[in-house]
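> have a look; sequence and predicted model below, questions after that.
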Amino acid sequence: MSAPSSSAERGSGPRRSPRRTAGWPSTWRPHSRAGLERTYGPGHPSAVHRYPEDGGITVEVQLLDPAGHPVSGNDQQTGHAAIATLLETSLGIAAPAPELAARALRRADPGDDDWTEAATALGLRGDEDTFRAAVLWCRGTDPLRQAFGADVLGRSRAPRSRQVLRELARETGHPVVARAAVAALGRRADPAALPEVLRHAEHPEAAVRAAVADALAGLLAAGHTEGMEQLRALAEDHDTEVRARAAHALTVLRGES
């Protein structure tokens, strides 16, 4: 599956006739709409179109003005499993948790649409069966399945998920699991999880250290001495991406102080 397109606004080039999808869930690939809202502000009505092309389907979100005219658009090509999950969500169909996990794990890539759409769908459910399934995945032995369970719990609103995530972050050293657990704790924005997040600040894998920097932006109070020192150390990391994430986190925290 191809990566998301880089166009924040659609150009004027030729385009196939879209098929408008009524009721398409706004939870599809959340950063696409979020990116538009960062530029144009929240509260705009939106429309979603899909275009068959390049052996897949490109989904386009458009923000609309009060008269219903497009203000801006963001698009992304989506995999077939992700499309199935999106359609089920829009139709109110709750596919079994093991089926969604199988879709997510098929490509073995936490950044893949099939993974993120399945994790989002499960995280939004909030039912007991889904929670128990995610806990079992976190406490299993397959690192990818553990990471997927952490991602689901990080998107859940269940208060009990925080303790499971903290336990996972304390016990794992596996880079895929550690990154997922740290990212999930950062998403939950619970300052009590700081010790578990900081534990991975010197992880040998740059992706984990970058996840720590991202998480600290939402967990730290500007006056937290240990956390700020660790973030400043990450801002001097030998890895470019880690340095960039840490610098961004420091900017966010300084703006809040």
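Received it, and whenever you're ready, just let me know what you need.

> can you give me the strands in this structure?
Taking DSSP state E as the test, the strands found in the chain are 19-20, 46-53, 56-64, 70-78.

> out of those strands, which gets the lowest mean score?
In terms of average pLDDT, strand 19-20 trails the rest of the strands of the chain, at a mean of 42.

> was I right to think P143 contacts A178?
No: P143 is not in contact with A178 according to Cβ atoms under 8 Å; the separation is 9.6 Å. All C-beta spots, glycine's among them, are computed from the backbone N, C-alpha and C.

> spit out the contact partners of R162.
185, 188, 190, 192-193 (Cβ atoms under 8 Å, 6 or more residues apart in numbering).

> got a winner among the residues you listed for most neighbours?
Within those, most neighbours by other Cβ atoms under 10 Å means L185, with 29 neighbours.

> for H49, see how far away it is.
Per Cβ to Cβ, to the nearest Å, L185 is found 36 Å from H49.

> V212 too?
For V212, the distance to H49 equals 38 Å [Cβ to Cβ].

> now A181
36 Å.

> quick revisit: which one's more surrounded, V212 and H49?
Each of V212 and H49 has its neighbours counted (other Cβ under 10 Å); V212 has more, 31 against 19.

> which strands and helices lie in contact with the lengthiest helix in the chain?
The residue-count maximum for a helix in the chain (DSSP state H) belongs to helix 240-256. Here helix 240-256 touches helix 206-219, helix 225-234, going by 3 or more Cβ pairs under 8 Å, 6 or more residues apart in numbering; DSSP states H and E.

> contacts for it?
206, 209-210, 213-214, 216-217, 220, 222, 228, 231-232, 234-237.

> that one versus helix 225-234: what angle between them?
If you take axes from the mean of the first three to the mean of the last three Cα atoms, to 10 degrees, helix 240-256 sits at 140 degrees to helix 225-234.

> what mean pLDDT does helix 240-256 get?
Model confidence over helix 240-256, given as mean pLDDT, is 91.

> relative to E128, which of the contacts of helix 240-256 is nearest.
Nearest to E128 among the contacts of helix 240-256 is D214, at 29.9 Å by Cβ to Cβ.

> ok, the closest one - contacts?
D214 sits next to 183, 186, 245, 249 when contact means Cβ under 8 Å, 6+ apart.

> check the gap between the last one and L234 for me.
Spelled out, that is A249. Taking Cβ to Cβ, one finds A249 at 8 Å from L234.

> name the residues contacting each of these two.
With Cβ under 8 Å, 6+ apart as the test, A249 and L234 both reach A213.

> so for D114, what pLDDT did the model give?
89.

> right, I mislabeled it, should have said A147
pLDDT, A147: 98.

> doesn't P175 make contact with it?
No: in this structure, A147 is not within contact of P175 by Cβ under 8 Å, at 9.6 Å.

> returning to what we had before: and the angle for the longest helix of the chain with helix 206-219?
Using the same axes, to 10 degrees: helix 240-256 against helix 206-219 is 10 degrees.

> if we can go back for a sec, which one of P143 and A178 is surrounded by more residues?
Taking neighbours as other Cβ under 10 Å, P143 and A178 compare with A178 leading, 28 against 15.

> now do the contacts for the more buried one.
169, 172, 200, 203, 205, 208, 211.

> excluding chain neighbours, give the residue nearest to the fourth one in space.
In other words, H203. Spatial nearest neighbour of H203, excluding adjacent residues (Cβ to Cβ, 6 or more residues apart in numbering): R209 at 5.6 Å.

> please list all residues in contact with the one you found.
Contacts of R209 by Cβ under 8 Å, 6+ apart are 200-203, 234, 237, 239, 242.

> now restrict those to buried residues only.
200-201, 203, 234, 237, 242 (16 or more other Cβ atoms under 10 Å).

> re the thing from before, pull the most distant pair out of the contacts of A178.
Maximum pairwise distance in these, criterion Cβ to Cβ, is 14.3 Å, between A169 and E205.
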